[in-house]
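> What follows is a predicted protein model with its sequence.
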Amino acid sequence: MSGRLILALCLTLTLASPALAQPTPGPAEVIAELYKPVPEPADGAEPAEVAEGPPLFAASLRALLEVDAQRDMNYLDFDWVSGGQDLPDYKDLKIVVVKQTPETAQVRVTFRNYGQARERLIDMVVEDSRWVIEDVYMKAPERTWLSRRLVANPQD
């Protein structure tokens, strides 16, 4: 091969490689996906199944959620994301990365759900080259950590 051909191939690969590489979503994008509106099912139909994807939670939190799912009476008796039991009605949704290092991040989420102010501080870590949720401080109105709620029955 001629030197020019090799140089042209190298230049093409160098310029194309950023386009070929799919950037992983950052902390704010992961959380924004979590807070995407859920479409209302038509005429009393069951809500559509959510497609199974890569884990959203860190292994430690995922283990606690799995234990809670096996209980007869879950310790977590509401949707921590929206702070309710009905389909959410998000208003004034704001997602802000409060702090971030290459391996950790904290994201603040504020919104109103059916008129009630909610705030979440979501601690995230990188696992398997992806941002995942390590724990959540449900600041308003619950004032509790998700992980603690999953190990301590609030009815006790």
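It's in.
> Tell me which helix or strand in the protein has the weakest average pLDDT.
Every helix and strand in the chain was compared by mean pLDDT, DSSP states H and E; the lowest is helix 3-20, with a mean of 42.
> what is the mean pLDDT for the next helix-or-strand element following that one?
Remark: after helix 3-20, the chain's next helix or strand is helix 27-34, criterion DSSP states H and E. For helix 27-34, mean pLDDT rounds to 96.
> show me where the chain has helices.
Assigned by DSSP state H, the helices in the chain fall at 3-20, 27-34, 59-70, 146-151.
> contacting residues for the residue positioned nearest the centre of the chain?
What sits nearest the mean C-alpha location of the chain, by Cα atoms, centre = their mean, is residue 31, with 4.1 Å. When contacts are counted by Cβ atoms under 8 Å, 6 or more residues apart in numbering, residue 31 touches 95, 107, 109, 122, 124. (C-beta placed from N, C-alpha, C; glycine too.)
> can you rerun that using 6 Å?
By Cβ atoms under 6 Å, 6 or more residues apart in numbering, the contact list for residue 31 reads 95, 107.
> roughly how far apart are it and residue 78?
Going from residue 31 to residue 78 by Cβ to Cβ, to the nearest Å gives 19 Å.
> do the same with residue 110
Taken as Cβ to Cβ, the span from residue 110 to residue 78 is 18 Å.
> Residue 135 too?
Look at residue 135 and residue 78: by Cβ to Cβ, they are 17 Å apart.
> where in the protein is pLDDT low?
Along the chain, the parts satisfying pLDDT under 70 run over 1-23, 40-41, 44-53, 155-156.
> redo that, cut-off 50
Scanning the chain for pLDDT under 50 picks out 2-21.
> number of nearby residues for the nearest residue to residue 132 once chain neighbours are set aside?
Closest residue to residue 132 apart from its sequence neighbours, by Cβ to Cβ, 6 or more residues apart in numbering: residue 58 at 4.8 Å. Neighbourhood size, residue 58 [other Cβ atoms under 10 Å]: 18.
> same check, this time on residue 113
By other Cβ under 10 Å, the residues close to residue 113 number 19.
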